[in-house]
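> mind looking at a prediction? Sequence and model below.
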Amino acid sequence: MFLDVSGVLPQKLAFFAKIQFIPAVLSGSIAVVAALVLLTFLFGRIYCSAISPLGVLQDGIARLGKKRRYRFAPQKNWLRLGALAVFLLAFVAGFPLVFSLLEPYSAFGRIATDIAVPVWQFGSNLLAVVSARAENFAIGPTPVWQKGLPALIAALLSLGVIGVLALRSGRTWCNTLCPVGTLLGFRSRFALLRPRIDAKHCVNCGQCARNCKASCIDAQKATTDASRCVSCFNCLGTCRHDALVYALAGKQCGASESQASRRPDLPADRFSPLA
């Protein structure tokens, strides 16, 4: 919709802008906020994986580089809570610049409006010139609009930081600086359904952790950090031993203590169910 400068797409697609978390909060859309919270409680951070445009953008940037192998990283609660505190203080104190730099939909909109749209318009105008020389006037020139140098610098800064983090470590932005990710992370700790390791089949190969763009799977301890899991399910498709399942949080999963004792090659604590 941001790039649709010619108005080709149907306006009903603008609905996707209305289901973004912070805009829904600011507009008082209680039903939307409640639906997103309920979605997180049932399935984890599906919002971060498939609804947030900034999350999808990070996945696209990560795919531009060579396929990376991720690894488990301990959570940085001091950074997550610090960024959330700055975000809330900026909102209360009325500092929209700081607020918008951290808010994911604002950051995505800045990148789209101040970088992608001018580039798109320039390309459209170039195509219009080429078409006109071929006596095809179906494509007309459009004015290239940009807010100014400060807006462009802010957009480039946002894209640079988010892009570098995505290329290096996948969803680092989502799990350290994004206030929405932190807020939904509080709820996703208690999600009813989540990826869990079946200790009966796990051989601690670490393949799941290498494919976890949220860096939240500790293969050595056979646990995941549910607050950082973005419910992308990449791990489920890479386990060669069917050790990863998408199951109810309270359901017993994996080998019992007596079963674990039959595996002398690995310590028993490696077979504990996911928390």
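Arrived safely.

> low-confidence bits of this protein, can you list those?
For the chain, residues meeting the criterion pLDDT under 70 lie at 5-6, 66-67, 136-140, 146, 250-275.

> please point out which parts of the longest helix along it sit buried.
Looking across the chain with DSSP state H, the single longest helix is helix 149-169. Within helix 149-169, the residues that count as buried by 16 or more other CB atoms under 10 Å are 154-155, 158-159, 162-163, 165-167, 169. To be clear about C-beta, it is placed using only N, CA and C from the backbone, and glycine gets the same treatment.

> mind listing residues that contact the helix or strand following it?
Following helix 149-169 in sequence order, the next helix or strand is helix 172-176 (DSSP states H and E). With CB atoms under 8 Å, 6 or more residues apart in numbering as the contact definition, helix 172-176 has outside contacts at 48, 54-55, 58, 75-76, 79-80, 83, 161-162, 165-166, 181, 185, 214-216, 228, 230.

> just these: which are in helices?
54-55, 58, 79-80, 83, 161-162, 165-166, 181, 185.

> possible to save those residues as JSON lines with distance to Val119?
Formatted as JSON lines, the ones in helices among the contacts of helix 172-176 follow (distance: CB to CB, whole Å):
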{"residue": "Leu54", "distance to Val119": "18"}
{"residue": "Gly55", "distance to Val119": "22"}
{"residue": "Gln58", "distance to Val119": "19"}
{"residue": "Leu79", "distance to Val119": "32"}
{"residue": "Arg80", "distance to Val119": "33"}
{"residue": "Ala83", "distance to Val119": "29"}
{"residue": "Val161", "distance to Val119": "19"}
{"residue": "Ile162", "distance to Val119": "17"}
{"residue": "Leu165", "distance to Val119": "22"}
{"residue": "Ala166", "distance to Val119": "19"}
{"residue": "Gly181", "distance to Val119": "28"}
{"residue": "Gly185", "distance to Val119": "34"}
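
> selection in PyMOL covering whichever of the contacts of helix 172-176 are buried, please.
One line in PyMOL is enough to select the buried members of the contacts of helix 172-176, burial here meaning 16+ other CB under 10 Å:
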select buried, resi 48+54+55+58+80+83+162+165+166+181+185+214+215+216+228+230
